[in-house]
Structures are given as C-alpha cells and as structure tokens.
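A.B. asks: whatever this is, show me its structure:
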Amino acid sequence: MKRLGIDLRSLTIQMILSFVALVLLTAAAAGVPAIWLIRNQLANQAWAQVEQGRRAAQALYLAQQTELTSLASLTAQRPTLQELLVEGEGAGLVAYLRTLQAGTGLDLVLVCEATGREVGRVGEVSPDLSCAAPNRTHFQVVTEEDRPQVWLLAGHPLGPDAADGRPRVLVGLKLDQSFAAQMQQQTGLDHSLLAAGQVVASSLGEAGSSGQTAVSAAGGDSLRREFSVQGRPYYALQFSLAAPEEGDPSLGAEVALAVAEIAATQQRLVWTLAGSIIFVAAVGSGLGMFLAGRISRPLARLTTAARALSRGNLDSSLAIEAQVREVTVVAQAIERARLDLLRTLAELQHEKAWTDHLLEAIVEGIVTLDQHGRITFFSPGAERITGWSRVEVLGRSCDEVFREVETNRPFSHFIPPPDRRHKITVELAGQRQATLSVTGARLMPPEADEARVALVFRDVSEEEAVHRLMGHFLANVSHEFRTPLSALAASAELLRDQAPELSPAELQELLISLHLGIISLQTLVDNLLESASIEAGRFRVHARPAELGNIIFEATRLLEPLAEKHNQRFVLDLPDTLPIVRADPRRTIQVLVNLLSNAIKYGPDQADITVAAALEPEWVRLTVADRGSGIPPAHRRELFSRFVYPASDGGTAPYGVGLGLSVVKAVVEAQGGQAGVEDRPGGGSVFWFTLPVEVNP
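C.D. replies: Residues are numbered from 1 along each chain as shown. Next up is the predicted model:
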C-alpha cells in the first residue's frame, strides 16, 4: 500500500511513524496527569493551610471560652464582691466592678440577684445583655441598628457553693473588629464572624468576605467557599461556633487565605511543564526517525534468528553480520544471553528449591494478586495466619477471601500503595477476626499490562489491643492527675492572694480541698507504684501482727473529708473486740482506701457506706458496702484485673486508671486472703476481702 509515494508497509516507515506516535502519546500520558496533579496539589496545599487555620481558630475559641469561664468563677468567688452585695453598697459595688473590669479586660461585668434583678453593671448597656442570660458559657448575638454584635458570655453563682437560686455574676467579651484582627494575627489567616450569614466583624475590612463564587461541603460542620475581595481570590472555610442547644445555631466564623500568588505560581508551572513536554516530544520524535533508519535494515535478518531463540532453541548459535554496529552488538549480546541462559536455568532450579524452603520458614504471610485482584500465590505463612489452605484460595478474589469487618467495603480498597503499610481488620477462617498489618509492593512497573501486587502481612491483633488499652490508660491517668492538681492549684492560688481576707470557715474549706487533692494524688501514685512492682515481679508484702481496728480507723480517717464532700457517711459495723491479724498494715490500709474511694465515687450522694467485719475461726472478713448501681455479673470475672473499670449496667464508669482493684487483689492474695464482690440487698455492691487471724480476741 502506497500513499503520496510512501510505502506504508515499509519497515522503516512503520518504525518512524510508530516511534513518533509513541513519543507523542507518552508525552501526553505523562504531561496531562502531571499538569492536573500540579493544579490539584497546589489547591490541596492551599485548602490544607485553610483547614489548619480553621483548627487553630476553633482551638483559640475554645481557649477563650475556658478563660472566660475561669474569670467568671474567680469573679464570683471574690469575698469583697459578696460583702458589697450583702451590704447593698450600690456605688461601691459599681466602683469595685470597674476595678475588676480594668484588671481582667472584660467588656461586661453584670451582678444579678437570685430573683433576676440587675444589681450592678459596668460595660455595654443593652437590653439583650441582661440577667436572663444562662450561667453556662455561650455565644450571644445582640441586635444593633447598623449590624449585629457577637458576645461571649459566662455566668457563675456567687460564693463557693455554686448552686442555682443564688446571686450570680455575668461576664462578657465583645467579639468585634479588633477581635477579628487578633485572630488573624494568631492564625495567619483572615478571620470573619458571621451571624445569620451577615458579616459582623472581619479582618478583611468592611467588605468582609462578600463576592462569593463557589460553595462546597468540606465535611463535618465546615463549609468551603471561594470568593474575591477587590479582585483578590480567597479560599475560605466557614464553621459553626455554637451547637443549637448552646447558643445561636446561625452564629459562625470563617478563616480565609489569599490565593493570588498560588494561582500565579500554578499558571507558571503549567506553562513551563507544557513547554517542556512539547520540546521533549519534538526532540524524541526527531531522534526516533534518525535511529529507525539505521536500525530497520539489518532487523530482518535478526528477526529470523530471534524467532528461533524465542521458540526455546537454545542449542543453535546466533551469529549475524550486520553493517549497523549496534545491531551487531545486539546479536552478540543475544548470543551471550543464550549461553548465560543455559547456565541460569540450572541455577534457577537450585534457587527455586532454596526459595521454597525460605518461604516455608517466613513467619509473615505473602500473597500475590493479578491485575483482577485474584490470588496467584499463597505462602505457608499466610496459611498459618489465616487458617486457609493454598488450594482453597488460589484463583479466588481477595475480596472473597479477606472480608473487611469495620466498614464492609471490599478488601481491595484498603490495599496500601508500594512501601506503605495499612492495618486492616478482616474475617478469617472459622469467622475469626484479626487485625493484619499489610505492606504492598508491585512486582512489575505500573505501566505493564500484567502488573501484579504482592502483599506481606502479619497478625497484629494483640498489639492493637495493647495499644488501644495503653492509650485509654494514659488518657485516664492524665485526667486523674489533672483534676486534683487543678483543684490544688486553684486552692493554693486563692490562699496566696486572699488568705488575710478569708474567714476561718473559708480557710477550713480550702484546707480540706487541698487535703483531698493530696490524698487523691497519693492514692493514685501508690496504685501506680504497686502496679509497676507487680508487673516487674518485685511486689512483696511484709506481713506481721497488726491491730485491725487501727487499720480500719486510719483508712476511714483518710477518706472522711472526701465522704463529707459528697454528703456521705461511713457506718462501722464491727464486733466489740477486733482480733490481731497477720498483715502488712500500710498495704492493707491502701486496700481499704481503694475500696472506700470506689464506694464514694460510684455511690450516690447523701448515702451511707458500711464498713463491717465478721469473725471466723482463722479469718476475719472485711466488707465495704455501698448503694451504687451494682456490678453486672458479666463484669465480675475480670473486675479485679488491670485496666478494668467497675461500670454499672446502662452507665459509663467515671474516669480512673483501672488499677485500684488489681492492687487490692494482689495485696490480699499476697497476705494469704481472698477478695471478691457480691450484690447488696436493696441495691448496691459489697466488696469483701479476708485476712488471716494472728490472735483471736
């Protein structure tokens, strides 16, 4: 076939046309995705920066609310403010409020009687900012003539007893233009406050974030926007400031990033890449045309010899004389390859035997998949981990064999890219669930038609369980340390600043708070140390004759202030004469402290906690009975294990480190006794343990 005097069946012409077409297609295949990736990468980086700014802004709002709550609480607890309110000193009260306002930077300080009548105010005067506002910290929109105002308000009852029906203090901060500018400086992004879609305050000026051009959902309660201000494009995220039950649901904020420079950079990169692709394509096509003419002529002779080699004829020598040096070199190389292949075939047989032995010894499972996701190889390690045999899974889809249990999505969606690792929870043979750590790799280049995927996995179910348990434990330990430390810091600060002004009753209350915090920390540290000793195998008790009455008295004395705080009372039901027991007094006191603190924590307020002792010939049985919700029977078996919390049916256990009852069991059993729990008639739980009697009374 000839067209325009060109023989299209000519090998040279076909090679030239094919090479040129291949270069152009390769350039297009590499260039178009690269341009698309550059555009998307720059946009994703910009949105990631906006998202980071949104998180920072939300954290700053949360910190502002926490700070305002603390200011409201500290203001409400000032004795001078309470005295002025009791004495009815209106002028003195306002003057004192002005002093407080100047020292705290508040925009509003309002004192209200229990009836809701305003007693004193400094700052903003508005009918919307009144004593009707709730005690909790919340955002409030105040309607003005020109535009709404946004306030952050916090209320707190006066005095140390934070109960309803008492006079209270309401403090507030006005979120205006200066606040928006401050947020812009702290987050690095422009900031706007919105009320019902209207801009209340903005670091962008009076124009705010108007000029919207596109809106899309960003997930959660955030909203993506793209807009322009005075010709400058911005990427922005809107988010709500308050839940519907906590304030105005239409109140929100927005962070915005100017992307003019990003757009210009994107345009330059796209043009540069496009020009480079065109240049490379032109050079490659020209070079291909030149090389095709040099190679095509001797290729016919080389083809015949290569066909014989391709049919497996390794015994025939390949010797071709060609005018083209490169073709000659190729022919010589193929001949050397033929000889090497003969030697390699022998070596491969030996290597295959070694590889089979190695795969048998590898603990991890190895699976290979074809381009359709079907299993083509299943190692002995994979058989051991999954419980399936190689015959059962070969040729089946990986989605049928490995069933993901958390999202019910196909397993193939979770296959990690090369050199990455994913943890996937799947259902294995016998409906057994396991968490697999999977690493992926490609056995051929991505552009190959028959590229295969290799997966290497191991069972990390126990490791995942330990990690989750440790994370929960660390979170609870942090909470348990933070609570008493915060109480100690607040009480110490109040003693330092206002000790001369406090009454003896107030001083006693602060000292009790300090004492409770110290006891809480001491109990927590003792349990942590004992648990660490148990885990390390260094736990020892030093049992000796001890007065049981002294042990009970010391434990109840330590926790008496904590019981009084919850209006609870210890009831001692003891024989007239208590025996001498053989025990470690310090650790036995710790056992009783752990049981009593649990009874206080899980029992209702204004309830009795009974401590009783029952004598047996060789043992004394101590019990601690509360009126809590009780322990479900299903939870009692592991209740005295580490990191287990005595949650009741239908409820969630308070924070704790989950070590107290495990320490109780370790101490009691080390002293030769036993520990357990049972239901209490009428509701509640009875925790008991036994001690060996040294001398009967």
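
A.B. asks: any idea of the mean pLDDT in the helix or strand harbouring residue 439?
C.D. replies: Using DSSP states H and E, residue 439 sits within strand 433-442. In this model, strand 433-442 has a mean pLDDT of 77.

A.B. asks: over to stretch 416-425?
C.D. replies: Rounded mean pLDDT across stretch 416-425 is 77.

A.B. asks: for it, buried residues please.
C.D. replies: 416, 423-425 (16 or more other C-beta atoms under 10 Å). (C-beta placed from N, C-alpha, C; glycine too.)

A.B. asks: which one among these gets closest to residue 572?
C.D. replies: Nearest to residue 572 among those is residue 425, at 51.4 Å by C-beta to C-beta.

A.B. asks: sheet partners, orientation included, of the strand or helix carrying the closest one?
C.D. replies: In this assignment (DSSP H and E), residue 425 forms part of strand 421-427. The pairing partners recorded for strand 421-427 under DSSP bridges are strand 403-404 (antiparallel), strand 433-442 (antiparallel).

A.B. asks: need the residues that contact that strand.
C.D. replies: Strand 421-427 is contacted by residues 402-406, 411, 414-416, 433-440, 460, 464 when judged by C-beta atoms under 8 Å, 6 or more residues apart in numbering.

A.B. asks: which of the residues you listed are buried?
C.D. replies: For these, a burial check counting by 16+ other C-beta under 10 Å picks out 402-404, 411, 414-416, 434-440, 460, 464.

A.B. asks: identify the farthest-apart pair in the buried residues of stretch 416-425.
C.D. replies: Maximum distance among the buried residues of stretch 416-425 (C-beta to C-beta): 14.6 Å, for 416 and 425.

A.B. asks: export the strands paired with strand 421-427 to a markdown table and tack on distance to residue 613?
C.D. replies: Shown next, in a markdown table, are these (distance: least, C-beta to C-beta, whole Å):
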| stretch | distance to residue 613 |
| --- | --- |
| strand 403-404 | 56 |
| strand 433-442 | 47 |
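
A.B. asks: now for the residue nearest to residue 174 when sequence neighbours are not counted, how many residues are close by?
C.D. replies: Leaving out its chain neighbours, the residue that sits closest to residue 174 by C-beta to C-beta, 6 or more residues apart in numbering is residue 107, at 4.3 Å. Using other C-beta atoms under 10 Å, residue 107 has 19 other residues around it.

A.B. asks: so residue 107 sits against residue 175, correct?
C.D. replies: No. Judged on C-beta atoms under 8 Å, residue 107 makes no contact with residue 175 at a distance of 9.4 Å.

A.B. asks: what do these two both touch?
C.D. replies: With C-beta under 8 Å, 6+ apart as the test, residue 107 and residue 175 both reach residue 151.

A.B. asks: any idea where the strands of the stretch 351-500 of the chain begin and end?
C.D. replies: Remark: strands assigned in the stretch 351-500 of the chain by DSSP state E, counting those that start in this stretch are 365-369, 375-378, 403-404, 421-427, 433-442, 453-459.

A.B. asks: ok, which of the ones you listed comes nearest residue 597?
C.D. replies: Of the strands of the stretch 351-500 of the chain, nearest to residue 597 by C-beta to C-beta is strand 433-442, at 35.7 Å.

A.B. asks: and the angle for that closest one with strand 365-369?
C.D. replies: The directions of strand 433-442 and strand 365-369 differ by 60 degrees, with axes from the mean of the first three to the mean of the last three C-alpha atoms, to 10 degrees as the criterion.

A.B. asks: so strand 433-442 versus strand 453-459, what angle?
C.D. replies: 150 degrees.

A.B. asks: contacts for strand 433-442 next, please.
C.D. replies: 385, 402, 405, 414-428, 451-461, 464.

A.B. asks: what's the closest of the buried ones among the contacts of strand 421-427 to residue 268?
C.D. replies: Nearest to residue 268, judged by C-beta to C-beta, of those is residue 416 at 34.4 Å.

A.B. asks: now do the buried residues in stretch 608-627.
C.D. replies: By 16+ other C-beta under 10 Å, the buried positions in stretch 608-627 come out as 609-613, 615, 619-620, 622-627.

A.B. asks: show me what the host helix or strand of residue 41 is packed up against.
C.D. replies: Using DSSP H and E, residue 41 sits in helix 11-76. Judged by 3 or more C-beta pairs under 8 Å, 6 or more residues apart in numbering; DSSP states H and E, helix 11-76 is in contact with helix 90-104, strand 149-157, strand 168-175, helix 177-187, strand 232-240, strand 251-258, helix 260-310.

A.B. asks: angle of it against helix 177-187?
C.D. replies: Going by the same axes, to 10 degrees, helix 11-76 makes 130 degrees with helix 177-187.

A.B. asks: how many neighbours does the nearest residue to residue 395 once chain neighbours are set aside have?
C.D. replies: Counting by C-beta to C-beta, 6+ apart, residue 395 lies nearest to residue 374, which is 5.9 Å off, once chain neighbours are set aside. Residues lying near residue 374 (other C-beta under 10 Å) number 17.

A.B. asks: hmm, back to that, can you tell me which of the strands of the stretch 351-500 of the chain is nearest to residue 129?
C.D. replies: Minimum separation from residue 129 across these (C-beta to C-beta) falls at strand 421-427, 52.1 Å.

A.B. asks: show me the chain divided up by domain.
C.D. replies: Split into domains by automatic domain parsing, the chain comes to 77-175, 362-459, 461-697.

A.B. asks: perfect, I'm done here.
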